[in-house]
Every structure is written in structure tokens, then in C-alpha cells.
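K.L.:
Predicted model and sequence below, questions to follow.
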Number of protein chains: 2
Amino acid sequence: MLGIIAGGGDLPRAVAQSVRAEGRDVFVVGLRGCVTPGWVETFPHEFVSLGEPGKALKALAGAAVREVLLAGRVDRPKFSELKLDAKGMMVLPKVIAAARQGDDALLRCMVDIFEREGFRALSVAEAAPGLVCGIGPLGRLAPAEDHQADIASGFRIVKTLGALDVGQAAAVCDGLALAVEAAEGTDQMIARIASLREALRGTPDHRRGVLVKALKPTQDAKTDMPVIGVETVRNAAAAGLAGIALEAGKSLIVGKGDVAAEADRLGLFVTGVAT
Amino acid sequence: MLGIIAGGGDLPRAVAQSVRAEGRDVFVVGLRGCVTPGWVETFPHEFVSLGEPGKALKALAGAAVREVLLAGRVDRPKFSELKLDAKGMMVLPKVIAAARQGDDALLRCMVDIFEREGFRALSVAEAAPGLVCGIGPLGRLAPAEDHQADIASGFRIVKTLGALDVGQAAAVCDGLALAVEAAEGTDQMIARIASLREALRGTPDHRRGVLVKALKPTQDAKTDMPVIGVETVRNAAAAGLAGIALEAGKSLIVGKGDVAAEADRLGLFVTGVAT
């Protein structure tokens, strides 16, 4: 039995379905206020709020779970407004201290809480390898020769920024950094590209520039691999970008078939790069 | 006679006024489509478009200018739509090649064009030292103890990003990078902070986080020092930030008196840090 601690976005459901499709039982702990509504109920489950790690641990133990996986977006709570169970009170100082050091430290701290209770923490790559990005283009289109410099530049920016725990995505067009991700998230970052002057960027009729998303050097592949899905492709298309480049083996694609089809339909490439 | 090649924003006018106030004559070359309307006419001047360096050089020579200064924002043109004079045609390949390497290379290339014609290029710091940011707080407020870590983190992010020619500003709150500047510019970057979840940022009632702006390591202090003015203070205030930190000696403040007064009125600090 695998326990999935499920935050927001499409990733947790994709992981749960992928694990179940491979014949393994799944127990889902849905994080109230984070998890996308409507799917958790299709699995054995419990809902807990962010301040209730005790309740989560009890539910997992009751389901005979030995391995857990954290997936999905967890927005930083207002710690002063959290309702805490006993375990929550005990770990809160550690969690707040970790949050001060940044998102990566916060996630590592959460993994640590489960590991200290004797659970083994799995990465999405271990539990659902079918979601991991491979090498080369996913759909029909591949990056052209003149996208290679922007892809390289994008990876350089993201890796450098990532080392400072800033963000995990950037968009580059003809050597110019169009946008760099910080706390706003990738979708918001992509959305603002369309408001740049047209001389700097592409359009749906004349696509230019590349979105690059990559694991931060400080990031724990167990909790926070970069992930894209159909929405990412649609957003990149609307922003006039020519394609998306990911690190093969170190990023996730939710719904590979749909992503490939949508990329083909909209005229973008989605590619995995060996780094 | 000092020649000022004037792009957009408030800086070129501030420089021209500061130089004239110190008793030196000024000739302004206003870049059509870039320069802020209404003030160039109060100086001996010529307007040229971006494709007319020949016309600019001729006007400067005619005014017996030996030293020039580039100031203000120059948006990258669509090179295919530029109307070029003879000199413009000659330097265009070099300018396009420089533009491919990024904004800093483009500016250095423009400075180079003037220097090859025998002009000496001055920095704003040389021509109008009164605009340069000094050490310590400008207004009544100073950064508190708990702002120091965010200021240090902001400088680290901006210097690292700057080395990649990405941007020159970032906002940090309790260790979290709220926003990082790329092609959108500082004002747009500050504006989106207010749309982040309130748990992550400050508000006008409870200010948190710091805006940091600094010279890129790749940047030429002759052409593109970071600059703030009253609008920057107002934007930072609206975004709920607690203050602004600049590099003393390596950044510019347009309207120091007004900036200090507005920062005091809105409850922000504006400070120069020795780096």
C-alpha cells in the first residue's frame, strides 16, 4: 500500500492512477484547501488540514502504509491561522524555521517528518516512472537549430536561479530572458510574456522563444520535480512560444498522450534534454 | 558642451537639469519614440530615430560636443522596420549581432559607435554625481534588523541573475523570492507582487519584504545604472513592501528630495548599501 500526500494541481491524481494501473494499492491523504476536489474519493482516503500531521500519520498507519510520496502544490499557510493537532504543535517550530529558509527546506522538512515516523519516502519517479520525461521530442515537432541557444540559456538561468531557491522556470527568446519564475508560479510567469512588446517575443502566428523548466540544484526529487501538463502547453502557445524544454529523467509530464496531441495541434515542440 | 542621448523615463531630464544647474551647457539628442515628450525642447536639441546615428553624430558635431552620455530606456526596435540613414546602414549588422547577445552588449555597442567617432562617453555618475545613491537611509526610516537577511538575499539574487544578463531587480520577503525582473522591467515586476497570496507578502498596513535593485556584473556603468524615482517608491508601497535597497555609488535616484518625502509619507525605507 502506497500513501500519497496529495496537494494541488493534476500531479497527485496522475500519480495515484498510474500507481493503481500498475497493480499497487493506494491510500490518499488529501490536504484540505490544497488538493483539487473530486478525485480523492475514488481511492481509500482521508482529508487532513496542513496543521494535522498527527491525523495524517494515524490514517496512514491504519491503512498499513509503509511508503509515502508527497505530490502536488502546497501553498505556504499563514502559520498563525493553522489549526494544529498535537503532532502539529510539536513539529510547528521546525516547520516555521524551515519555511524561513525557503520552499525547498520546507518540503524537505515535511518529508523528514514522515521518515522520522518510520515511513519510507518515495519519489514520483520511483512510484510512477511513466510520468517521467524522456529524451527527445514528445510530439511531432522538434526544436530547430536556432532554438538550441535559447534552450541552453534557459537551463543556465534556471539552474543558477534554482541554486538560490528562486524558481524553476524561465522563458528565453533570441538570447533575451523574457520572464523568470519566482513566487508567482509557472502559469503566471508564462501569462505575462504576452504583455511584452511584440518585438521581443513570438506570437501564435510566428512562434519564437522557449520555456525551460528544470529541477533546482537544491531541490529534492522526492517532493518537487518540475511538472508540466496540457495546460502548460496551452499557456505556452498563447504566449507565442515555440516550445518547451525539460530535463529528461528529472521532470514530469502529466498526460503524455494529451500533451503530445495538444503540442502538435498548436504547433509547439515539447522536448526532453539530457543534462 | 555635453551631449545627452536621451531615451525614455525621467533619468535623461534629471541628468540634463543637474548638469545645467552646475553651469555646464547641454545639447540633447532625443530618441524619437523613446524619449519622454515635453522637456527636450527646453534645451538645444535634435530629435533622431533609432536608425539615424548619422543624424545624431552630425547634430552633436555641429554643437561642438566632445563628450556624450547615454541615459534613459531604449526599447529594442524591430530591426526590420527601422528607417536607416547611411551611418545606420553601416553599423546595423554590428548592432543586430550585439542585440543577440543581450541588452548589455547592445548598449556597449551603442557607446562604442560614439567612441569610434572620437567622442568621450561619460557615465551619469561622472556628469551628474548628485543623482548617485549614497550610503545609508535617504529618508527618515531605516531598514530594521529583520530586513537585513532579505536585503542580503536580494543582492545575491540580483547579482547572480545579472551575471546572466537577465534583470537588475528582485523582491524578497522572509527568505522567499517574491518576484524577479526579466524583460518586463522593474515597475511591472513590483506590480505583480500584490497579486501573490497575502501569506507570502506584506500589505500597506503591515509592510514586509524588500525591493533590491543593483548593477549587473556585466553592466556598463556608463549606460545603464539602476535608477529609482518617486514612482518606484509609490509602486513598492502599493505592493506592501517595507523598503528599497540600492548599491551605494552604483545606482541613481531621480529627485532625492521627493523620493525621501514620499518614502516617509508612505512608511518605507530607501537605503544605500555599501557592497
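P.N.:
That came through, no problem.
K.L.:
Tell me the residues of the stretch 51-200 of chain A that contact chain B?
P.N.:
For the stretch 51-200 of chain A, the residues in contact with chain B (C-beta under 8 Å from any C-beta of the partner chain) are A:75-78, A:99-103, A:153, A:156-157, A:160-161, A:163-167, A:170, A:174-184, A:188, A:192, A:195-200. C-beta coordinates here come from the backbone N, C-alpha and C atoms, glycine included.
K.L.:
Apply 6 Å and report the result again.
P.N.:
A:76, A:78, A:100, A:102, A:157, A:160, A:164, A:166, A:175-180, A:182-183, A:196, A:199-200 (C-beta under 6 Å from any C-beta of the partner chain).
K.L.:
Which SSE is immediately downstream of the strand or helix carrying residue A:70?
P.N.:
When secondary structure is defined by DSSP states H and E, residue A:70 falls within strand A:67-71. With elements assigned by DSSP H and E, the helix or strand that comes after strand A:67-71 is helix A:86-100.
K.L.:
partner strands of the strand holding residue A:70, parallel or antiparallel?
P.N.:
Under the criterion DSSP bridges, strand A:67-71 sits next to strand A:2-6 (parallel), strand A:120-121 (parallel) in its sheet.
K.L.:
Convert the C-alpha atoms of stretch A:4-12 to PDB, please.
P.N.:
What follows is the C-alpha trace of stretch A:4-12 in PDB, where atoms were taken according to Å, rounded to 0.1, in the frame of the first residue of the first chain:
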ATOM      1  CA  ILE A   4       0.100   9.700  -1.400                       C
ATOM      2  CA  ILE A   5       0.100  13.000   0.400                       C
ATOM      3  CA  ALA A   6      -1.800  15.000  -2.200                       C
ATOM      4  CA  GLY A   7      -1.500  18.700  -2.700                       C
ATOM      5  CA  GLY A   8      -2.900  20.800  -5.600                       C
ATOM      6  CA  GLY A   9      -2.700  20.500  -9.300                       C
ATOM      7  CA  ASP A  10      -3.100  17.500 -11.600                       C
ATOM      8  CA  LEU A  11       0.000  15.600 -10.500                       C
ATOM      9  CA  PRO A  12      -1.300  13.700  -7.400                       C
END
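K.L.:
List the buried residues in it.
P.N.:
When burial is assessed from 16 or more other C-beta atoms under 10 Å in any protein chain shown, stretch A:4-12 yields the following buried residues: A:4, A:5, A:6, A:7, A:8, A:9, A:10, A:11, A:12.
K.L.:
what's the answer for stretch A:55-64, then?
P.N.:
Burial within stretch A:55-64, assessed by neighbour count using 16+ other C-beta under 10 Å, is assigned to A:55, A:56, A:57, A:59, A:60, A:63.
K.L.:
same deal with stretch A:36-49?
P.N.:
Applying a neighbour-count criterion of 16+ other C-beta under 10 Å, the buried positions in stretch A:36-49 are A:36, A:39, A:40, A:43, A:45, A:46, A:47, A:48, A:49.
K.L.:
Save those as JSON lines, and put in distance to chain B, secondary structure and pLDDT too.
P.N.:
Shown next, in JSON lines, are these (distance: C-beta to the nearest C-beta, whole Å; DSSP: H, G, I helix; E, B strand; the rest coil; pLDDT from 0 to 100):
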{"residue": "A:36", "distance to chain B": "17", "secondary structure": "coil", "pLDDT": "92"}
{"residue": "A:39", "distance to chain B": "24", "secondary structure": "coil", "pLDDT": "96"}
{"residue": "A:40", "distance to chain B": "23", "secondary structure": "helix", "pLDDT": "96"}
{"residue": "A:43", "distance to chain B": "28", "secondary structure": "coil", "pLDDT": "97"}
{"residue": "A:45", "distance to chain B": "26", "secondary structure": "strand", "pLDDT": "97"}
{"residue": "A:46", "distance to chain B": "25", "secondary structure": "strand", "pLDDT": "96"}
{"residue": "A:47", "distance to chain B": "21", "secondary structure": "strand", "pLDDT": "96"}
{"residue": "A:48", "distance to chain B": "19", "secondary structure": "strand", "pLDDT": "93"}
{"residue": "A:49", "distance to chain B": "15", "secondary structure": "coil", "pLDDT": "89"}
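K.L.:
Got the domain ranges for chain A?
P.N.:
Residue ranges for the structural domains of chain A, counted by automatic domain parsing, are given in the record as A:2-127, A:132-273.
K.L.:
now the first one, how far from the centre of its chain.
P.N.:
In other words, domain A:2-127. In this view, domain A:2-127 has its centroid 14 Å away from the chain centroid, taken as C-alpha atoms, centre = their mean, to the nearest Å.
K.L.:
how long is it from one end to the other?
P.N.:
9 Å (C-alpha to C-alpha, to the nearest Å).
K.L.:
again with stretch A:203-218
P.N.:
Stretch A:203-218 stretches 34 Å from its first residue to its last (C-alpha to C-alpha).
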